[in-house]
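J.: quick one, fold the following:
(one chain, ligands or ions: 1)
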Amino acid sequence: MKTHNEAGSTLDRRAVAPEEVSLWEPGSAQADPRLGPRALALTAIAVIVAGCVALSALFVAVGRDWTPGALAAGGVAPSRTVTITLSEFKIALSEYVLPAGKITLKISNKGTIQHELVIFKTDLSVSQLPMMSGDLNEDSSFLQDVSDGDNLNPGQSVTRAANLKPGNYILVCNLPGHMMAGMIQTVTVR
Ligand SMILES: [Cu+2]
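T.: From the prediction side, this is the model:
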């Protein structure tokens, strides 16, 4: 069976080949001039493909900023996960402007010492934040505690759910000295 099929397809290919050639060079049997139009056509295709790749890269880049609008138009909003990375002495997020509503926080301590993550809603700027003994005064009425959890050991990751209203937030590691060392990050929710 196999041998028979292979022989058949070889014959088919032979039968088709002259027609293919005649598409490019109807009036001539010469081999070399054929490369001209064929190479041109291939180049044109390559240019079109490259253009499409560049365009889609552009749309992917711009698409990030369009997401909130797309969600409003699309109807069903997928649950958003935000990645938060703690280290000495920094708090880094996968995005710094978040959509209001339910959100999943994936918090990882990629440092070499313990850290924590506390989220407050506040209208104060960072320089106005209420301090006590060099750390954030978490009991201040200017701060609304939105999300808190246990300290994370080095290498540990946890997932927390939050429901965010539009406004300004600060993310802080308030272990002694950590905030002043740099572990504070502002985030906007809208
Ligand atoms: Cu810390």
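J.: residues from the protein in reach of the ion?
T.: Applying C-beta under 5 Å from the ion, we find that the chain lies next to the ion at H115, C173, L175, H178, M183. Backbone N, C-alpha and C define where each C-beta goes, glycine included.
J.: repeat that with 8 Å
T.: By the rule C-beta under 8 Å from the ion, the part of the chain lying against the ion is 86, 88-89, 111, 113-116, 173-175, 178-179, 181, 183.
J.: next step: the residues you listed restricted to strands.
T.: With strands taken from DSSP state E, the overlap with the residues of the chain next to the ion comprises L86.
J.: tell me the one among the residues of the chain next to the ion nearest to L124.
T.: Of all the residues of the chain next to the ion, the one sitting nearest L124 is M179; the distance, using C-beta to C-beta, is 13.6 Å.
J.: so who does that closest one touch?
T.: Under the criterion of C-beta atoms under 8 Å, 6 or more residues apart in numbering, the contact partners of M179 comprise D135, L136, V172, C173.
J.: from the residues you listed, list the buried ones, please.
T.: Among the contacts of M179, those scoring as buried are L136, V172, C173 (criterion: 16 or more other C-beta atoms under 10 Å).
J.: of these, just say which sits nearest to the ion.
T.: C173 (3.2 Å; C-beta to the ion).
J.: residues near the spatially closest residue to T81 that is not a sequence neighbour, how many?
T.: The spatially closest residue to T81, leaving aside those adjacent along the chain, is T104, at 4.4 Å (C-beta to C-beta, 6 or more residues apart in numbering). When counting by other C-beta atoms under 10 Å, one arrives at 13 neighbours for T104.
J.: would T104 count as being in a helix?
T.: No: secondary structure of T104, determined by DSSP: H, G, I helix; E, B strand; the rest coil: strand, with no helix assignment.
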